[in-house]
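Engineer: predicted structure and sequence below. I'll ask about it afterward.
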Amino acid sequence: MLEALQKRRAIRQFEERSIEREKIEQLLEAATFAPNDRMREPWHFYVMQGESLKGYEKVALQFLEQRFPTKPHLVASSMEAITKTPLVIVVTSAIVEGDEGATKDNTFAVSSAIMSMWLMAEALGLGMVWRTRGVGLVHDTALHTYIGATEQEQLIGTLCIGYPAEEITSTKKRTSFVEKTTWL
Ligand SMILES: Cc1cc2nc3c(=O)[nH]c(=O)nc-3n(C[C@H](O)[C@H](O)[C@H](O)COP(=O)(O)O)c2cc1C
């Protein structure tokens, strides 16, 4: 287990080929086993490939052009995160009205589910990165609206997935748990 956790990497370069339906379903199934408070199973998955992904491209382009009107090169390079990704899965978490604690717990559960998907992706020979910023559009309303999520859902992750076109063998230096732990 430790080896799998150490090897997991954020993969951002993908081959053009599409992902088999069976593998996508395995990713989604892996997510459903995540721990979650009171079995609310607060996740929902929006799967985009082909035409729907093209639509997301348009939404992201509009967002970037508005945000960086004087930086066309930045817009173009940022767009590659979507245009060169064969599969995007947006994961949302249920908002529990009037219960901030439960809403937070739902976010934690969905984050766990995303981590399960990340490890599952690697086990299936796929690469993945969890995006929130920029074209990830997690902190903006545009993607929420585009996918048709309800007001009772919040976006947690835009997962860019594909067959890896890069191999990252170096381990990113991590601070030892020793410095992050207080033994009480
Ligand atoms: C909540 C969350 C949000 C992230 N958002 C982005 C993002 O917007 N863009 C991006 O390129 N990577 C994003 N990442 C990936 C991190 O940059 C990456 O996990 C980190 O650099 C550590 O590298 P590793 O995953 O290869 O260990 C995000 C990761 C997490 C957990």
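Structural biologist: Cool, the structure landed.
Engineer: how about G157, what does it touch?
Structural biologist: Residues near G157 by CB atoms under 8 Å, 6 or more residues apart in numbering: 90-91, 110-111, 114, 130-132, 136, 138. Where C-beta positions appear, they are placed from N, C-alpha and C, glycine not excepted.
Engineer: any idea which element it lies in?
Structural biologist: strand 153-162 (DSSP states H and E).
Engineer: please name the strands paired to that strand in the sheet, noting orientation.
Structural biologist: Strand 153-162 has the following strand partners under DSSP bridges: strand 87-94 (antiparallel), strand 127-131 (antiparallel).
Engineer: after it comes which helix or strand?
Structural biologist: Moving toward the C-terminus from strand 153-162, the next element (DSSP H and E) is helix 177-180.
Engineer: hey, where'd the helices end up in this structure?
Structural biologist: Along the chain, counting by DSSP state H, helices occupy 2-7, 21-32, 50-67, 72-83, 100-123, 141-147, 177-180.
Engineer: include mean neighbour count when you put the ones you listed into CSV, please.
Structural biologist: Formatted as CSV, these follow (neighbours: other CB atoms under 10 Å):
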stretch, mean neighbour count
helix 2-7, 9
helix 21-32, 16
helix 50-67, 15
helix 72-83, 15
helix 100-123, 19
helix 141-147, 17
helix 177-180, 7
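Engineer: nearest to P42, out of those helices?
Structural biologist: For P42, the closest of the helices of the chain is helix 100-123, at 3.6 Å, according to CB to CB.
Engineer: and the closest one with strand 87-94, angle?
Structural biologist: Between helix 100-123 and strand 87-94, the angle comes out at 160 degrees (axes from the mean of the first three to the mean of the last three CA atoms, to 10 degrees).
Engineer: least confident secondary structure element in the chain?
Structural biologist: Ranking every helix and strand in the chain by mean pLDDT, DSSP states H and E puts helix 2-7 at the bottom, with a mean of 93.
Engineer: from I114, how far out is the residue nearest the centre of the chain?
Structural biologist: For the chain, the residue nearest the mean C-alpha position is L159 (2.6 Å; CA atoms, centre = their mean). For L159, the distance to I114 equals 7 Å [CB to CB, to the nearest Å].
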